[in-house]
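S.K.: requesting a structural model of the entry that follows:
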Amino acid sequence: MTLLIVYLFLALGISFLCSILEAVLLSVPPSYLENRAQQGSRLAEQLREIKKNISSPLAAILSLNTIAHTIGAAGVGAQATLVFGEAWFGIISAILTLLILVVSEIIPKTIGASWNRQLSIPLVPVIRFIIFVMYPLVWLSNLVTSLITSGKHTVTLSRDEMAAMANIGKKEGVLGEDESKTIYNLLRLRNIPVSSIMTPRTVLISLPENMQLREFLQKLNDIPVSRILLWKNEPDNITGYFLKSEALEALARDQHHKKLLDLKRELMIVYEGLPVMNLHQKMLAARDHIALVVDEYGGVAGVVTLEDIFETMTGMEILDETDVHTDLQQLARELWKKRNPPVRE
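M.R.: From the prediction side, this is the model:
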């Protein structure tokens, strides 16, 4: 009877532990281990390295689990026959199967998956010990696995999965709606062309570069933007831009005769198909707030600002400190309609 109990606990106990280890190993998020490792946890670093070659710990755990099941089931069956007789063999086998299913599979794997963060760090030494003990089988498993995978690298987390995680974080209350939206938009930036966020050429606000400040002062109320484009000879020949604040400072110094050309700044030029992410990096590197967008033929397609990029990231309208309208692109379209009223039949 004693051997029967020993074999039973051997089969269920070791299998219970192996099932918890397997569930924890497969369900603990890499992001959690990365965070704990950055906080200085050496065990988290070790588990992170173990998960990089997941076949080794899985081979060790599953091999030990299979051995425990096999020896335990054989031992329980043999001892049950001696103690209760062959007539009870079928019943004992059915009970053992049910116990293995519930006690060593369903319950421990549920515990491991539900408490993976809490259990992962304390169980690292156990996982390493099992890998060491089962090393011959682990080596054989790695050999077979390498032949199957042929050294292919598996991506742990794709961009689509990160976007889905942001949405899940919002639903579970971990992230706010604005935070989730910002993360989602950031992941889309490299797929969005500049042409999708720019202010089109037909609604741009621009002035001739030879205009004097006294003339500009008369138009001041009709110009709601803080960075104004300059053109030479014709409106499509954009040569640069100037800051409205600098023009007002010059007017305050009674420099009414001064031309806008004297306030002109260089304007970055970008292709309309450039991804927004690349544009963001270029503008930050150059410390520019505005860029002229050109089409494939070099013609003016529109203008894009750093505010447009941030609005795309956050999904919110961002205003310059001197802007007075909420949607400058919409305002520009309204001004264009005023300048070009529809023809009545």
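S.K.: how far away is residue 187 from residue 162?
M.R.: Distance from residue 187 to residue 162, counting by C-beta to C-beta, to the nearest Å: 6 Å. (Glycine included, C-beta is placed from N, CA and C.)
S.K.: what sits against the residue nearest the centre of the chain?
M.R.: Closest residue to the average C-alpha location of the chain: residue 162 at 4.2 Å, with C-alpha atoms, centre = their mean. Applying C-beta atoms under 8 Å, 6 or more residues apart in numbering, we find residue 162 in contact with 183, 187.
S.K.: can you give me the distance of it to residue 183?
M.R.: Counting by C-beta to C-beta, the gap from residue 162 to residue 183 is 7 Å.
S.K.: ok, back up a step: so which helix or strand takes in the residue nearest to the centre of the chain?
M.R.: Assigned by DSSP states H and E, residue 162 belongs to helix 159-171.
S.K.: so after that helix, what's the next helix or strand?
M.R.: helix 177-188.
S.K.: ranges for the helices of the stretch 51-200 of the chain?
M.R.: Here the stretch 51-200 of the chain has its helices, by DSSP state H, counting those that start in this stretch, at 55-84, 89-101, 107-114, 116-120, 124-133, 135-149, 159-171, 177-188.
S.K.: got the angle for the last one vs helix 159-171?
M.R.: Here helix 177-188 runs at an angle of 180 degrees relative to helix 159-171 (axes from the mean of the first three to the mean of the last three C-alpha atoms, to 10 degrees).
S.K.: ok, and what's touching helix 177-188?
M.R.: Residues contacting helix 177-188 (C-beta under 8 Å, 6+ apart): 159, 162-163, 166-167, 169-170, 175, 312-316.
S.K.: of these, which is the nearest to residue 111?
M.R.: residue 169 (24.3 Å; C-beta to C-beta).
S.K.: excluding chain neighbours, give the residue nearest to that closest one in space.
M.R.: residue 175 (3.8 Å; C-beta to C-beta, 6 or more residues apart in numbering).
S.K.: what of residue 309?
M.R.: Residue 309 sits nearest to residue 280 (C-beta to C-beta, 6+ apart), 5.1 Å away.
S.K.: and the pLDDT for the one you found?
M.R.: Note on residue 280: pLDDT of 91.
S.K.: how about the one 4 residues further on?
M.R.: Per-residue confidence for residue 284 comes out at a pLDDT of 91.
S.K.: Provide the secondary structure category for it.
M.R.: In three-state terms, and counting by DSSP: H, G, I helix; E, B strand; the rest coil, residue 284 is helix.
S.K.: burial of it, as a residue count?
M.R.: Residue 284 has 11 neighbours, counted by other C-beta atoms under 10 Å.
S.K.: any idea how far residue 286 is from residue 164?
M.R.: 35 Å.
S.K.: export the helix or strand hosting residue 309 as CSV, just CAs?
M.R.: Per DSSP H and E: residue 309 is located in helix 306-314. What follows is helix 306-314 as a C-alpha-only set of coordinates in CSV (Å, rounded to 0.1, in the frame of the first residue of the first chain):
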residue,chain,number,x,y,z
LEU,A,306,5.4,69.6,-37.0
GLU,A,307,2.0,70.2,-35.5
ASP,A,308,0.4,68.1,-38.3
ILE,A,309,2.7,65.2,-37.3
PHE,A,310,1.8,65.5,-33.6
GLU,A,311,-1.9,65.7,-34.5
THR,A,312,-1.5,62.5,-36.4
MET,A,313,0.3,60.9,-33.5
THR,A,314,-2.2,62.0,-30.8
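S.K.: from the structure, what's the count of residues near residue 169?
M.R.: Neighbour tally, residue 169, other C-beta under 10 Å: 15.
S.K.: now swap in the one 5 residues further on and tell me
M.R.: A count of neighbours around residue 174, defined by other C-beta under 10 Å, yields 12.
S.K.: residues contacting the residue nearest to residue 169?
M.R.: Residues near residue 175 by C-beta under 8 Å, 6+ apart: 166, 169, 183.
S.K.: how about the first one, what does it touch?
M.R.: By that I understand residue 166. By C-beta under 8 Å, 6+ apart, the contact list for residue 166 reads 175, 179-180, 183-184, 187.
S.K.: likewise for residue 68?
M.R.: 10-11, 14-15, 18.
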